[in-house]
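Q: 3D model of this:
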Amino acid sequence: MVTQARSSRRRAALLAATTCALLVVSGTAVAAVAPSTGSGPDLAAQAWSVDLDALGPDDAGLRHADDGLRLAVPETTAAGGGDAAGSPRPREASGQLVADPVELGSPATGVAAEVDAATPDGTSVLVDVRGRLAEEGPDSWTEWVPAGEPLPVASATLQARVTLVGDTDASPTVREVTLTPEVERSRSLQEVEVQAKADGRSYKVFATREGLVGGTTANGHVIKKRDHFVALPSRRGLSAKNSGSYSVRVCAERTGRCAYAPVWDVGPWNTKDDHWNGSHKRESWDDLPRGLPQAQAAYQDGYNKGKDGFGRKVANPAGIDLGDGTFWDGLGLKDNAWTTVTYLWTGNGPKGVVRTSGRPLTVRSGPGTNHSAVGQAGRFTNVVIECTAKGSRVDGYYGVSNVWNRIGPGNWISDAYVNTGSSGPAAKAC
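A: The predicted structure is shown next:
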C-alpha cells in the first residue's frame with residue numbers, strides 16, 4: 001500500500017548542519033539527522049511520521065508497549081548464534097518495522113530523520129530509507145541508506161525502515177520517528193550511478209552454509225529445512241520478510257550451477273560490511289577495495305589484526321552465508337566453496353519477481369523444459385530479465401505461457417512464474 005505524505009504531528013527544529021553516516025540514537029533524547037543541504041518549502045511541508053502502531057505480519061521482533069515501540073523478546077536470533085561453518089555471530093537481538101511507502105509530490109534526493117527514543121547502554125535505533133525504481137520492476141528499490149545520507153537516485157516514492165538493536169537484557173524504546181524529504185540542489189534529479197554490468201556487480205566470494213534450522217533471520221523469517229535465502233554482512237542489502245527487493249545470483253564453478261535467492265539475513269562475520277559498494281559509499285572498512293569482504297581480508301592478509309568488526313579471530317574468509325536449500329539443492333555443494341556472487345539490485349534493466357507455491361523454481365540451460373537443469377531460483381527472488389524467447393508451454397503461478405526469460409548466462413526460467421509488473425520497459429527478444 002502506498003500512502004500520501006502528511007504533515008508531521010510535531011516538528012522540532014532540525015539540526016541542518018548535522019550529517020551522520022549512520023543514524024544511531026543513544027540516550028533519552030530527540031535526535032535529528034539531516035543532509036548537509038536544506039529542504040525546499042514544498043518537500044518540507046510533506047514531512048510525515050512513521051506509524052509505529054502499524055506492525056504487520058512481515059515486520060519482525062517488535063512489540064507495542066505503553067512507552068513506545070520495543071523489542072518483542074530480547075533473545076538471540078539466527079544472527080546471534082553460530083552457523084554451519086562455525087562462524088560465530090554477534091549476540092544481539094534486533095527487530096525491524098518496514099513502514100508503508102509514501103508518495104511525494106516531487107522527487108527527493110534524501111530524507112532527514114528526527115527520532116524520539118530511549119536507548120540504554122548497548123542498544124541503538126537505526127533509521128534507513130530507500131526510493132522506488134518504478135521503471136525497473138514491481139519490487140525494485142534503491143539500496144537502504146541511513147537517514148541523512150543522499151539516496152542513490154532521486155525518487156518520489158520513499159519508504160522508511162526502523163531497526164531496534166539490543167541484547168538479551170536490554171531494549172531501546174522508540175516513541176516517535178519524523179521524516180522530512182530533502183533536495184540537494186547540486187545534484188541532478190536524474191543522477192544515476194553507472195553500473196559495471198547491466199545485471200549488477202559480481203565478485204568472487206567465499207560461501208558457507210548457514211544451517212540454523214528453526215532459528216529466526218534478521219528480517220523475521222523462521223528458517224526451514226532446505227531453505228532458499230542468503231545472508232550478507234550488512235543491513236543495507238536486507239530484504240523485508242517475504243520480499244526479494246535485494247537478491248543475489250550465486251554461481252559455483254565447482255558444480256557449474258547457479259542459485260538465485262533473496263537476502264533475508266545478516267552475516268556471517270560482520271553486520272556493517274557492504275563490501276559490494278565502493279570506498280566512498282561503503283558503510284565500514286572503506287579503505288578496502290570494492291568486492292573484498294572484511295572477513296576475507298582479515299583471514300588472508302591479517303587485516304585488522306585478523307579480527308572481524310566485533311574483535312573475534314576470523315576462522316574463514318566467508319563473505320556470504322547460504323541457506324541449506326541454496327547450498328545443497330541450488331548449487332549442489334557439499335562443502336564450503338568459492339563462488340561468484342552478483343548483487344542483482346546494483347544492476348539495471350527490466351526485473352521480475354519469482355513466485356511459486358513454495359518450492360524453488362528450476363533454472364534451465366535453455367528456453368524450455370527439455371533443457372537441462374542448471375540451478376534454482378527461490379521464491380520472492382528479484383531477477384534481472386536480460387531477454388526473452390519462445391519455448392515450451394508451462395502452466396505456472398501466473399497461468400500458461402510459452403515465454404522464457406534469460407536471467408543470467410545460460411540461465412532460463414519460465415515467465416509463467418515471474419511477476420514483471422505493468423509499468424517499466426519490456427525485455428528485448430534474445
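Q: Please report how far the nearest residue to residue 51 once chain neighbours are set aside lies from residue 155.
A: In this structure, residue 51 finds its nearest non-sequential neighbour in residue 99, 6.6 Å apart by C-beta to C-beta, 6 or more residues apart in numbering. Quick note: C-beta positions are derived from backbone N, CA and C, even for glycine. Distance, residue 99 to residue 155, by C-beta to C-beta, to the nearest Å: 15 Å.
Q: With residue 180 instead?
A: For residue 180, the distance to residue 155 equals 15 Å [C-beta to C-beta].
Q: what about the longest helix in the protein?
A: Determined from DSSP state H, the single longest helix within the chain is helix 294-301.
Q: Can you classify residue 43 as helix, strand or coil?
A: At residue 43 the chain is in helix, as set by DSSP: H, G, I helix; E, B strand; the rest coil.
Q: Next up, the contacts around it.
A: Residues near residue 43 by C-beta atoms under 8 Å, 6 or more residues apart in numbering: 104, 106, 108, 180-183.
Q: mind redoing it with 7 Å?
A: By C-beta atoms under 7 Å, 6 or more residues apart in numbering, the contact set of residue 43 is 104, 106, 108, 181-183.
Q: just curious, which of the residues you listed is nearest to residue 308?
A: Closest approach between the contacts of residue 43 and residue 308, by C-beta to C-beta: residue 182, at 34.3 Å.
Q: Show me what the closest one bridges to in the sheet.
A: Going by DSSP bridges, residue 182 is paired in beta bridges with residue 110.
Q: Does it touch residue 106 like I think?
A: No. Applying C-beta atoms under 7 Å as the test, residue 182 and residue 106 come out as separate, 11.7 Å apart.
Q: Which of those two has more residues huddled nearby?
A: Per other C-beta atoms under 10 Å, whichever of residue 182 and residue 106 has more neighbours is residue 182, with 25 against 13.
Q: Roughly how far does the more buried one sit from residue 148?
A: Residue 182 is 9 Å from residue 148, by C-beta to C-beta.
Q: where does this protein have low pLDDT?
A: Scanning the chain for pLDDT under 70 picks out 1-42, 44, 73-91, 185-199, 279-280, 422-425.
Q: got the domain boundaries for it?
A: Following automatic domain parsing, one finds the domains of the chain at 3-51+99-182, 201-419.
Q: Just name the most buried of those.
A: Comparing those by mean neighbour count (mean count of other C-beta atoms under 10 Å), domain 201-419 comes out on top with a mean of 21.
Q: can you give me the offset of that one from its chain's centre?
A: Centroid displacement of domain 201-419 relative to its chain, using C-alpha atoms, centre = their mean, to the nearest Å, is 11 Å.
Q: Could you work out the end-to-end span of it for me?
A: Its start and end residues considered, domain 201-419 measures 23 Å (C-alpha to C-alpha, to the nearest Å).
Q: Show the contacting residues for residue 111.
A: 129, 147, 158, 179-182.
Q: Oh, that last question was meant for residue 304, not what I typed.
A: Taking C-beta under 7 Å, 6+ apart as the criterion, residue 304 is in contact with residue 298.
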